[in-house]
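In: build me a model:
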Amino acid sequence: MKKLLSIVALSLLTPLTAFAAVRGEEVEYKHGEVVLRGFLAYDDASKDLRPGILVVHEWWGHNEHARRKARDLARDGYIALAVDMYGEGKNTDHPGTAGEWSQMIAQSPNIGRGRFEAAYELLSNHRLTAPRQMAAVGYCFGGTTILTLAQSGIDLDGVVSFHGGPPAYPPQKTFSTKVLILHGSDDPMATRGDLLKYEKALTAVNADWQSAYFGGAQHSFTNPDADQRGIPGLKYDRKADQRSWQMMLSFLDELFAAP
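Out: As a prediction, the model looks like this:
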């Protein structure tokens, strides 16, 4: 009887450990003299190596949306770092300020690349990150950022852009990073026409790309807080959010043969 009770007790304890596995950590790293504050998430119950995913935030800055996506990726078997592109973990609710910060990065590509590469180095050197298995996902500003970095030749297996606009300039030569674009059909910030032009440019350089458009979805469709901004064209879409996430997971499975 005692032996039976012990077996039952163990069976009850095991799933509790599994459900409490995702761990989130505040991390600091630097680019030059600028302190960058990121958020690292991974499954602490497993010691297995897993692919690393860099998560680049919307133009609002390093906020809870990016951290939430990093946690979700950790639950799905990855180690994820929500990066800080603005420095000091800055974020804002003011569109004017967000525009200024994002333009600073857009107009200073060496700064943006350097800050991304600092995050890349931190994540790639983590004890749980599988060697040479790295991808990036980006939202809004972050989507544009990772598309730009992919075509510049940075060493990523794949990138996924969620409601991000096309880079400021088209790719000039082919590149090895695979591209997935996930976009709202009714996004007024980066229209479907804008993306179609970019897709033609990708085809012209023989890039490995694919895209999906979600009917009726607008800008920032992955962010439950989008409606609170009070900005026309920004709207959360639960169905598009869930469908796009599943498409991203399938894309990552193809890249890394399912962690």
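In: which residues in this protein form strands?
Out: With strands called from DSSP state E, the chain shows them at 22-31, 34-43, 50-56, 79-82, 129-139, 158-162, 178-184, 209-214.
In: can you list those in TSV and add distance to Lys197, mean pLDDT and mean neighbour count?
Out: Any C-beta I mention is one placed from the backbone N, CA and C, and that applies to glycine too. Below are those laid out as TSV (distance: least, CB to CB, whole Å; pLDDT from 0 to 100; neighbours: other CB atoms under 10 Å):
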stretch	distance to Lys197	mean pLDDT	mean neighbour count
strand 22-31	32	96	14
strand 34-43	33	97	21
strand 50-56	22	98	27
strand 79-82	30	98	28
strand 129-139	19	97	22
strand 158-162	15	98	27
strand 178-184	12	98	24
strand 209-214	12	98	17
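In: reformat these as a markdown table; add distance to Ile146.
Out: Converted to a markdown table, the strands of the chain look like this (distance: least, CB to CB, whole Å):
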| stretch | distance to Ile146 |
| --- | --- |
| strand 22-31 | 17 |
| strand 34-43 | 15 |
| strand 50-56 | 6 |
| strand 79-82 | 13 |
| strand 129-139 | 4 |
| strand 158-162 | 4 |
| strand 178-184 | 9 |
| strand 209-214 | 13 |
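In: which residues in the stretch 51-200 of the chain form helices?
Out: 64-75, 95-107, 109-124, 141-151, 192-204 (DSSP state H, counting those that start in this stretch).
In: which among the ones you listed is found nearest to Asp237?
Out: helix 64-75 (14.3 Å; CB to CB).
In: contacting residues around that closest one?
Out: With CB atoms under 8 Å, 6 or more residues apart in numbering as the test, helix 64-75 has contacts from 22-24, 39-43, 53, 55-58, 80-83, 137, 139, 142, 222-223, 225, 245.
In: alpha carbons of that helix, in PDB - could you do that?
Out: Presented in PDB, the C-alpha positions along helix 64-75 are these (Å, rounded to 0.1, in the frame of the first residue of the first chain):
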ATOM      1  CA  GLU A  64       5.400  43.400 -22.600                       C
ATOM      2  CA  HIS A  65       4.300  42.300 -26.100                       C
ATOM      3  CA  ALA A  66       7.900  41.300 -27.000                       C
ATOM      4  CA  ARG A  67       8.400  39.600 -23.700                       C
ATOM      5  CA  ARG A  68       5.200  37.700 -24.000                       C
ATOM      6  CA  LYS A  69       6.200  36.400 -27.400                       C
ATOM      7  CA  ALA A  70       9.600  35.300 -26.000                       C
ATOM      8  CA  ARG A  71       7.800  33.300 -23.300                       C
ATOM      9  CA  ASP A  72       5.500  31.700 -25.900                       C
ATOM     10  CA  LEU A  73       8.500  30.600 -28.000                       C
ATOM     11  CA  ALA A  74      10.100  29.100 -24.800                       C
ATOM     12  CA  ARG A  75       6.900  27.100 -24.200                       C
END
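In: any idea of the mean pLDDT in that helix?
Out: Summarised as a single mean, pLDDT over helix 64-75 is 97.
In: stretch 190-206 now?
Out: On average, stretch 190-206 scores 96.
In: tell me how far it lies from the chain's centre.
Out: 21 Å (CA atoms, centre = their mean, to the nearest Å).
In: show me which residues of it are buried.
Out: Across stretch 190-206, burial judged by 16 or more other CB atoms under 10 Å covers 190, 195, 198-199, 201-202.
In: pick the most buried one from the helices of the stretch 51-200 of the chain.
Out: Across the helices of the stretch 51-200 of the chain, the average number of neighbours (mean count of other CB atoms under 10 Å) peaks for helix 141-151, which reaches a mean of 26.
In: mind giving me the packing neighbours of that helix?
Out: With contacts taken as 3 or more CB pairs under 8 Å, 6 or more residues apart in numbering; DSSP states H and E, helix 141-151 sits against strand 50-56, helix 95-107, helix 109-124, strand 129-139, strand 158-162, strand 178-184.
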